[in-house]
Every structure is written in C-alpha cells, then in structure tokens.
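K.L.:
this is the structure alone, sequence omitted:
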Ligand SMILES: Nc1ncnc2c1ncn2[C@@H]1O[C@H](COP(=O)(O)OP(=O)(O)O)[C@@H](O)[C@H]1O
Ligand SMILES: [Mg+2]
C-alpha cells in the first residue's frame with residue numbers, strides 16, 4: 001500500500017520525501033524490516049525517535065512522528081502528524097482493516113469484570129465459529145495462544161497495530177468474532193480508536209487508575225468514548241445496576257440491552273442459588289427464561305454471566321448453546337478461583353479496588369458458613385486514594401484480615417499498609433500486619449478452621465511480585481498449593 005493511501009484520515013501537518021510503497025507498520029524499531037513505515041510514538045517513558053537510527057538502519061521506508069527529529073530529517077519519506085497514536089491506529093486500520101473485515105469486533109470495558117466477561121463471551125462464540133480473544137491473559141484463538149507480539153502481549157489491550165494483525169490472523173483462520181478487553185487506558189491511548197466495534201459491553205465503573213487519568217471524569221469519558229462510537233446498526237450491553245449506566249445510556253446512538261439484578265433489566269435472574277461449588281439461576285431474557293448453571297463463584301459472577309448472555313443474544317446465538325457454554329466454562333486463573341475446597345476453602349482473586357473487594361467479600365460471605373479470612377494489600381505507584389477505602393471495606397466484610405504487600409513497586413510497603421489500615425474504624429483489631437506476602441498467606445491458612453474461607457486478593461493470576469525494581473517469582477495459588485502439599489492435603 002502506498003504511504004498516502006495509508007495516511008487517509010490521519011491529520012498530517014507536514015510531509016516530505018515522496019510516497020513510497022509500504023509493506024508493514026511498526027511502532028517497535030526492533031521489528032522494522034525493509035519497506036516498513038516506522039511510527040515513532042512518544043510514550044511516557046521513552047520516545048520512539050530515540051530509536052530512529054535503528055529503524056532506518058533496518059530499512060524503514062517512511063517515518064511518522066509528532067515532532068521533527070532533533071538530528072535532522074530522515075533520508076526517507078517523513079510525515080509529521082498531529083497525534084502519533086491516532087495516526088498509528090488509523091494507519092493500522094487502513095493497512096489491515098480489510099483483511100480483518102469479516103470479523104465482528106466485540107469490546108468489553110469497565111473497571112472490573114472485563115477478563116471474565118470477555119472470556120465467557122469468547123467461550124460461547126467459540127461454539128459457533130473460531131473466535132479471537134485479546135485481554136489481560138494474552139491473545140488466543142480457539143483457546144490457543146497465538147504468536148505473542150513483543151512488548152504488547154503483557155498489556156491488557158495490545159497496541160492498535162497488534163490488534164489489527166491479530167484480527168487479520170483470526171480472519172485468515174476462518175474466525176468470525178474477536179472479543180477484546182478494552183481498558184480505559186487503552187481507549188485513552190487510542191489503541192482501539194479505529195476498531196470497528198459492533199458490540200460494546202459495559203461491566204462496572206469505579207475509581208481505579210486515577211493515577212493515569214487524573215480525574216474520575218476523564219476516566220469516565222475514556223470509557224464512554226467506546227460507546228459513543230457505536231452507530232445505529234450496533235449494540236451496547238449495559239450493567240444497569242451500576243450508577244454509571246444512567247450516564248451512558250443517554251449517550252447511546254445504538255441499540256442496547258440491559259442486565260442486572262435491578263427490576264427493569266432486560267436480562268435478570270429470577271431465582272439464584274450460590275455455593276462454594278458454583279451457582280444455578282433462572283435468568284429471564286427477552287427470548288424466554290434460561291436455567292443456567294455455572295462453576296463460577298458468587299453473585300458478582302452472575303452479573304458477568306448475564307453480561308455474556310446479553311452479548312450472545314445480540315449476536316443471535318441460540319440459548320441452548322449459551323447455556324451449555326456457560327455450564328462448561330471454568331473461572332479464569334485468579335478470578336474467584338477456588339484453589340482448595342476441603343475442610344476449609346481457599347479462593348484466589350484479582351480484586352484490587354475497594355469496589356471489587358466489596359463485591360468479592362459480599363459474594364463469598366453468601367456462600368461460606370464459617371469465617372472469612374482475607375489476605376490483601378495494595379499496589380505501589382498506582383492510585384493511592386483507594387487504599388483507605390480498601391481498608392474500610394475489608395474491615396467491614398471480613399472476619400479477620402492480614403494486611404500484606406501487593407506489588408509495592410518503588411513505594412515503601414509499610415507506608416502502603418499504613419494507608420490501608422488508616423481506613424479501619426477506630427479501635428479495629430481483627431487484623432495482623434505481615435508485609436511478607438508468603439508469610440501472610442501461610443498464617444491465614446494456619447488460622448483457617450472448619451467451614452472457613454481464606455480469600456487471597458489482589459494479585460490473581462500474577463506470577464511475580466514487584467518490590468522496588470526487582471521482579472520476584474510469586475504466585476498466590478502456588479504458595480497455597482505448597483502449604484497444602486506440605487500437609488498432604490493435595491498432590492504436590
Ligand atoms: N462484575 C463485576 N463487578 C465487580 N467486580 C468484579 C466483577 N467481576 C469481577 N470482579 C472482581 O474484579 C476482579 C477482576 O476481574 P476481571 O474479570 O479480571 O476484570 P478486569 O479484567 O476488568 O480486571 C475479580 O477478581 C473480581 O474480584
Ligand atoms: Mg482484565
């Protein structure tokens with residue numbers, strides 16, 4: 001494709017050096033091959049222009065930047081654009097959009113529940129046709145991990161080009177759907193700006209990531225933009241229990257379905273029973289009632305199941321297929337994951353906001369007979385306003401708390417813990433401070449008695465702990481299994 005054709009729809013401020021034929025689009029200089037266009041994105045930590053020489057040495061035929069290189073104009077085509085990320089996204093759509101044309105794009109956004117809902121939707125759609133899934137747990141097609149893209153596979157939402165490349169792969173393998181977790185950061189960074197979503201799902205909204213978006217309002221508007229881009233042919237699926245729904249629905253120009261426990265939701269449960277083995281519920285839908293069973297734990301997951309059912313209905317998937325897929329789908333690693341169900345139960349979860357913690361603990365309170373013993377902390381270098389709120393919620397809902405470290409990153413673990421305990425009510429004493437996460441988990445397991453539930457929250461599936469700039473091997477479920485195997489409670 002010619003450079004100018006690829007630039008269609010991009011705000012170009014300056015263009016010199018002709019209109020070469022472009023082979024590929026790269027934002028990572030290490031992946032540049034001859035004939036590629038290199039978009040030098042200036043990021044938070046690094047400026048793509050620092051890698052210009054390498055990109056040129058590797059044969060870049062064109063360079064797109066927001067600022068003129070200090071070292072002088074490159075000896076190839078050079079384009080200055082108003083917004084490098086917007087340009088990257090648009091150029092990716094121009095270059096790869098038609099290859100991905102036949103694939104229906106489904107975006108899941110919200111503060112919590114994205115991974116679970118996206119995974120469920122993909123599991124349902126996979127019964128009909130090959131389905132791509134991109135999110136926190138990687139990029140998979142039919143449950144098989146596809147070529148991880150360097151630098152982006154770790155992000156909840158990969159870069160725009162990676163998403164289009166993935167969509168093109170999904171299309172080339174006969175796929176019909178692609179389900180994506182769209183984090184608000186990804187939306188704000190224009191990673192999904194040109195993804196032609198035909199369905200957007202809203203899960204929840206609460207104050208996380210304020211470090212990145214600075215204000216609740218900016219954070220909310222980032223989420224909203226995905227829905228504002230849906231046209232009259234498209235659909236939205238909205239959690240009507242969340243107060244933010246009232247601000248999203250008036251903005252919609254597309255069809256929509258609502259779900260939730262609230263009366264008036266299009267999709268709502270009539271009779272729900274929860275246990276440590278899972279749940280069963282009768283769910284009312286516009287197409288009739290469905291008797292649903294699932295191994296997922298807790299009320300919060302019933303919401304996620306309803307979100308996925310709503311999406312499936314929009315996509316005209318037969319209800320029997322939906323029910324069968326939901327019954328078979330196991331929780332993703334670290335999302336209300338039952339790691340042990342013996343005399344006492346152990347659940348590992350990713351909740352790392354006050355809202356998610358509240359949902360988690362209230363859900364588990366409902367299914368466990370004994371004490372709820374919680375192990376948790378809060379990440380460093382991230383929104384610090386949530387720490388006392390997390391402390392408050394934990395003190396209210398759990399019977400005993402171990403306050404420990406999450407990923408302290410560059411912050412002092414003791415100071416983070418102090419910010420959490422500052423949220424406790426005066427005189428609160430049902431907690432222990434143990435900054436060593438392994439010791440905290442072991443102590444919680446030592447304390448557990450018959451019928452109790454130990455909840456380890458915050459890190460979910462993660463396999464490392466970031467302390468300072470050291471990245472240590474660490475996995476909550478792994479620590480639990482070690483403890484269990486030492487006591488002969490599980491095969492090592
Ligand atoms: N619908 C929901 N509402 C509130 N909290 C939820 C919901 N679904 C899951 N959670 C909590 O949030 C955590 C993260 O869930 P996940 O599906 O990974 O969401 P995300 O991808 O948005 O981070 C879960 O471990 C659970 O504690
Ligand atoms: Mg996620």
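P.N.:
Now that the structure is in, tell me what you want to look at. Just so it is clear, the model here is predicted, and its values are computed rather than measured. Ligands and ions are numbered 1, 2, ... in the order given.
K.L.:
residue 469 against residue 410, yeah?
P.N.:
Yes: the pair formed by residue 469 and residue 410 meets the contact definition of C-beta atoms under 8 Å, at 7.4 Å. In short, each C-beta sits where N, CA and C put it, glycine included.
K.L.:
more neighbours: which of those two?
P.N.:
Regarding residue 469 and residue 410, a neighbour count based on other C-beta atoms under 10 Å identifies residue 410 as having more, with 10 against 7.
K.L.:
so what does the more buried one look like in phi/psi?
P.N.:
phi -80, psi 0 (degrees, to the nearest 10).
K.L.:
helices of the stretch 51-200 of the chain, start to end?
P.N.:
With DSSP state H, counting those that start in this stretch applied, the stretch 51-200 of the chain shows helices at 52-57, 84-96, 114-126, 160-172, 184-188, listed in chain order.
K.L.:
want to throw those into JSON lines with mean pLDDT, mean neighbour count and distance to residue 456?
P.N.:
Shown next, in JSON lines, are these (pLDDT from 0 to 100; neighbours: other C-beta atoms under 10 Å; distance: least, C-beta to C-beta, whole Å):
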{"stretch": "helix 52-57", "mean pLDDT": "93", "mean neighbour count": "17", "distance to residue 456": "43"}
{"stretch": "helix 84-96", "mean pLDDT": "96", "mean neighbour count": "24", "distance to residue 456": "37"}
{"stretch": "helix 114-126", "mean pLDDT": "96", "mean neighbour count": "26", "distance to residue 456": "17"}
{"stretch": "helix 160-172", "mean pLDDT": "93", "mean neighbour count": "24", "distance to residue 456": "32"}
{"stretch": "helix 184-188", "mean pLDDT": "86", "mean neighbour count": "22", "distance to residue 456": "26"}
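K.L.:
out of these, which comes closest to ligand 2?
P.N.:
Closest to ligand 2 of the helices of the stretch 51-200 of the chain, according to C-beta to the ion: helix 114-126, at 3.5 Å.
K.L.:
tell me which of the helices of the stretch 51-200 of the chain lies nearest to residue 281.
P.N.:
Closest approach to residue 281 among those is made by helix 114-126 (14.4 Å; C-beta to C-beta).
K.L.:
elements contacting that closest one?
P.N.:
Under the contact criterion of 3 or more C-beta pairs under 8 Å, 6 or more residues apart in numbering; DSSP states H and E, helix 114-126 touches strand 104-109, strand 131-135, strand 177-181, helix 299-314, helix 319-328.
K.L.:
can you list these in TSV and add mean pLDDT, mean neighbour count and distance to residue 221?
P.N.:
Supplementary listing: the helices and strands packed on helix 114-126 in TSV, determined by pLDDT from 0 to 100; neighbours: other C-beta under 10 Å; distance: least, C-beta to C-beta, whole Å:
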stretch	mean pLDDT	mean neighbour count	distance to residue 221
strand 104-109	97	26	12
strand 131-135	93	27	22
strand 177-181	96	27	19
helix 299-314	97	26	22
helix 319-328	97	17	33
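K.L.:
report all helices and strands that whichever helix or strand residue 292 is part of contacts.
P.N.:
Assigning secondary structure by DSSP states H and E places residue 292 in strand 288-294. When contacts are defined as 3+ C-beta pairs under 8 Å, 6+ apart, strand 288-294 packs onto strand 278-285, helix 299-314, helix 319-328.
K.L.:
list the buried residues in stretch 278-291.
P.N.:
For stretch 278-291, burial by neighbour count (16 or more other C-beta atoms under 10 Å) applies to 278-281, 283-285, 290.
K.L.:
which residues touch the closest residue to ligand 2 within the stretch 351-492 of the chain?
P.N.:
In the stretch 351-492 of the chain, the residue that lies nearest ligand 2 is residue 460 (9.0 Å; C-beta to the ion). When the contact criterion is C-beta atoms under 8 Å, 6 or more residues apart in numbering, the partners of residue 460 are 333-335, 337, 348-350, 476.
K.L.:
ok, now with 6 Å
P.N.:
Under the criterion of C-beta atoms under 6 Å, 6 or more residues apart in numbering, the neighbours of residue 460 are 334, 350.
K.L.:
around ligand 1, pick out the residues from this structure.
P.N.:
112-116, 136, 181, 203-204, 300, 303-304, 335-336, 349-351, 356, 359-360, 460 (C-beta under 6 Å from any ligand atom).
K.L.:
8 Å - rerun?
P.N.:
By the criterion of C-beta under 8 Å from any ligand atom, the positions of the chain lying close to ligand 1 are 108, 110-119, 135-136, 156, 181, 183, 203-204, 239, 300-301, 303-304, 307, 332, 334-336, 349-353, 355-357, 359-360, 457, 460.
K.L.:
got the helices and strands packed on helix 114-126 as CSV, with distance to residue 465 columns?
P.N.:
Listed next are those as CSV, based on distance: least, C-beta to C-beta, whole Å:
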stretch, distance to residue 465
strand 104-109, 27
strand 131-135, 22
strand 177-181, 23
helix 299-314, 25
helix 319-328, 33
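K.L.:
which one of the ones you listed lies closest to residue 230?
P.N.:
strand 104-109 (9.1 Å).
K.L.:
parallel or antiparallel, which strands does that closest one pair with?
P.N.:
When sheet partners are counted by DSSP bridges, strand 104-109 sits next to strand 177-181 (parallel), strand 197-202 (parallel).
K.L.:
count the neighbours of the closest residue to residue 56 other than its chain neighbours for me.
P.N.:
Closest residue in space to residue 56, ignoring its immediate chain neighbours: residue 74 at 5.9 Å, by C-beta to C-beta, 6 or more residues apart in numbering. Residues lying near residue 74 (other C-beta under 10 Å) number 22.
K.L.:
how about the residues of the stretch 101-250 of the chain by ligand 2?
P.N.:
Residues of the stretch 101-250 of the chain found near ligand 2 (C-beta under 5 Å from the ion) are 114-115, 136.
K.L.:
dump the helices of the stretch 51-200 of the chain into JSON lines; add distance to residue 485 as well.
P.N.:
Output for these, formatted as JSON lines (distance: least, C-beta to C-beta, whole Å):
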{"stretch": "helix 52-57", "distance to residue 485": "48"}
{"stretch": "helix 84-96", "distance to residue 485": "47"}
{"stretch": "helix 114-126", "distance to residue 485": "28"}
{"stretch": "helix 160-172", "distance to residue 485": "38"}
{"stretch": "helix 184-188", "distance to residue 485": "38"}
